[in-house]
Each structure stands twice: as C-alpha cells, then as structure tokens.
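Asker: A structural model of the following input is requested.
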Amino acid sequence: MELIDLKFFACVAEHLHFGRAAEELVCTTSHVSHRIRRLERQLGVQLFERTTRQVRLTPRGRLLLGETQAILAGIEGMRRIAAEPEGLPGLDLAYSPASAGLITRCLGKLPEFAPQARVRLDPQSTSMEVLRAVTGNQYPIGATQWITRDVDSVQIGVNRLALFVRDDHRLACRSTVTAEDLDGERLIIVAPEVNAGINSEVQKFFVSRQIFPRFESRRITNPENYLDLVAAGQGVAITLASLAQRPGIRKLQIIGPTPAISNVYLVWRHARRPQLVDVLVHAAEEVLTETEMPALAG
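Answerer: Numbers count the residues shown, from 1 in each chain. Sure thing, here's the model as predicted:
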C-alpha cells in the first residue's frame, strides 16, 4: 500500500466524483480508477459504490476514510514540524468529530492572531475520548461537544442540528419540524456507555417537555454513524446539520428548542490553561462572524 493511494482515496471521497478528483490530482480518470481498484484489492474491501449516476462511500469505506485522513494529517503534521524553526510556541490538540468543523476553521485564522504559533491536531473517536486524553495528561487541550467537572473549559461555538429521516418516513415531505413532532418516534441516541452526558441530556430535554420518543440507544462514535442507522431503518436522528445529505435520506430543519448537545468547547486540565487558549477563542469569534454558525449568547 502506497501513500499516494490513500491520497487518491481521500480525494475521491471528498468529491464523490472520479472526474473531479482527477482534475484536482492532475491525472486521468482511468488512473484514479486504477488506484482505487488497487487499494480495494489490497484492503480486501469495496470502498465505493459506483453507478452510472453517482458514487458514494460504502459503510466500510466511511470507516476507512477516517483512518486515512488521520494518516495523511499525521504525515502533513510531521512535514510541517520538520520545516519549522525550533522554539516556536505550539501544542497538541485532541478533537472530536463534532468539533472538527469549527476547530479547523479556527486554525485557518490562527496566523492572523499568532503567526508563529503551531497547533497539531489529533482526531479522537468521541468527545469522551478527548476528555479522557486531556485528563490523562496525553494532551494539554482538547475540543469537544461535552464537558465534565474534571476539566476547565470555555465554549467557543455552537453547531446547528438537523433531523435526518428516510425518504419513506412520514416526516420526509416536510422541510421543517419541531421537537413535538418526534413524540412516539424511534429516535436514535448515543448509548450511555459511549457518552453518558449526551444520552442523559437528550432524554431530559424531551421528558421535561412531556414529549416521549422511543429512544434507540446505539454505540455511536462518529456523527456519520447516525446516518448509517437512519438509512438502515433503525429510526430518525438529531445530529449535525453540516453532515452531507445522502441519497435516500432527508435533512429537515428543526424549529424551536433542541437538546443542548451541539456546543463546542475547548477543555484543559484544572489550573493548566494553555497560553494559546485565548488566541483560539479570538479565532473562533472571527469565524463565527464570517459564517452562518450560531453566535454565542451574551
């Protein structure tokens, strides 16, 4: 297996189109197809479902894409560190999938506020994994969608949420829904053994409003897992609105209150606030003013 094959895989997965991937990679479409087929043979799995009308990742392909992106990011980080002069301020930051969108945008703004600073990103599977890594002294700082008493924190943003349903669901004809529309629905939520905080928050939100979905707890470790389960007919799901809508699934805007599970926080160990926290907060404020992401209250 060669590194270039992983780059081709990541590029096709980004575009979900072999022709556009070939344009970006400056090669022929047939060469892209050859690389992908070779990688599939080496791994022994099918990465993409291909038809004459569309290309999409298989469930196994989506799992392997995360590993591929982590490998490519790690190599890029090694090159970046090797090219930098010694002595520049920097830190390692662990982040969860739900915080990825905002935290990567923040790093894009970092040169405006601290040109010499460097941050090395390390993806984790869940917010709880990030919290364990930070409290276990593996990382000085993390980005999560959930906090505990074991860390200090600052909220830097809020992700929009949406309801995802199958095309054949009774709500699929709607463009917007409210929490009340989910009364009696099978609602997929993360299992407490994966993230007890989010599981509890979702259930408390609905019970406090006298709304009673039928909760389907699953071992969800990535936002994309919700869509896998929706597609399989396991229920409906409230998750990040930033997720791409898949064939056969509808994304509906939620009007009114939603569970408080979409906040994005920076976290660090008690009394060990990294110097770059304030810089990242300023970068997040700048991102929020330039995008449609919800601003923080107050």
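Asker: which non-adjacent residue is nearest residue 125?
Answerer: residue 221 (4.4 Å; Cβ to Cβ, 6 or more residues apart in numbering). Where C-beta positions appear, they are placed from N, C-alpha and C, glycine not excepted.
Asker: now swap in residue 56 and tell me
Answerer: residue 49 (5.2 Å).
Asker: ok, that neighbour - contacts?
Answerer: Taking Cβ atoms under 8 Å, 6 or more residues apart in numbering, we find residue 49 in contact with 55-58.
Asker: try residue 283
Answerer: 106-107, 109-110, 112-113.
Asker: then residue 205?
Answerer: Counting by Cβ under 8 Å, 6+ apart, residue 205 has contacts 179, 257-260.
Asker: quick one, strands of the stretch 151-298 of the chain?
Answerer: Here the stretch 151-298 of the chain has its strands, by DSSP state E, counting those that start in this stretch, at 151-158, 161-166, 176-177, 186-190, 214-218, 236-240, 249-254, 263-269.
Asker: hey, which of these is tucked in deepest?
Answerer: Stretch with highest mean neighbour count among the strands of the stretch 151-298 of the chain: strand 236-240 (a mean of 25; mean count of other Cβ atoms under 10 Å).
Asker: quick one: contacts of that one?
Answerer: With Cβ under 8 Å, 6+ apart, strand 236-240 has contacts from 98, 101, 159-165, 169, 171, 182, 185-188, 202, 223, 226-227, 229-230, 254, 258-259, 261-262.
Asker: and the lowest mean pLDDT element among the helices and strands of the chain?
Answerer: helix 59-83 (a mean of 77; mean pLDDT, DSSP states H and E).
Asker: for that one, enumerate the helices and strands it packs against.
Answerer: With contacts taken as 3 or more Cβ pairs under 8 Å, 6 or more residues apart in numbering; DSSP states H and E, helix 59-83 sits against helix 3-15, strand 118-123, helix 223-231.
Asker: show me the contacts for the residue lying closest to residue 65 once chain neighbours are set aside.
Answerer: Sequence neighbours aside, residue 13 is the residue nearest to residue 65 in space, at 5.0 Å (criterion: Cβ to Cβ, 6+ apart). By Cβ under 8 Å, 6+ apart, the contact set of residue 13 is 47-48, 57, 61, 65, 68.
Asker: on that earlier part again, of all the helices and strands packed on helix 59-83, which one is nearest residue 272?
Answerer: strand 118-123 (16.5 Å; Cβ to Cβ).
Asker: what mean pLDDT would you report for that closest one?
Answerer: Mean pLDDT, strand 118-123: 85.
Asker: dump the helix or strand just after that strand to PDB, keeping only the CA atoms.
Answerer: The first helix or strand that comes after strand 118-123 along the chain, using DSSP states H and E, is helix 127-135. What follows is helix 127-135, C-alpha atoms only, in PDB (Å, rounded to 0.1, in the frame of the first residue of the first chain):
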ATOM      1  CA  SER A 127     -15.900  13.700  23.000                       C
ATOM      2  CA  MET A 128     -15.400  11.300  25.900                       C
ATOM      3  CA  GLU A 129     -12.200  10.100  24.300                       C
ATOM      4  CA  VAL A 130     -11.000  13.700  24.100                       C
ATOM      5  CA  LEU A 131     -11.800  14.300  27.800                       C
ATOM      6  CA  ARG A 132     -10.000  11.100  28.800                       C
ATOM      7  CA  ALA A 133      -7.000  12.100  26.800                       C
ATOM      8  CA  VAL A 134      -6.800  15.500  28.300                       C
ATOM      9  CA  THR A 135      -7.400  14.500  31.900                       C
END
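Asker: I'm done for today, thanks for sticking with me.
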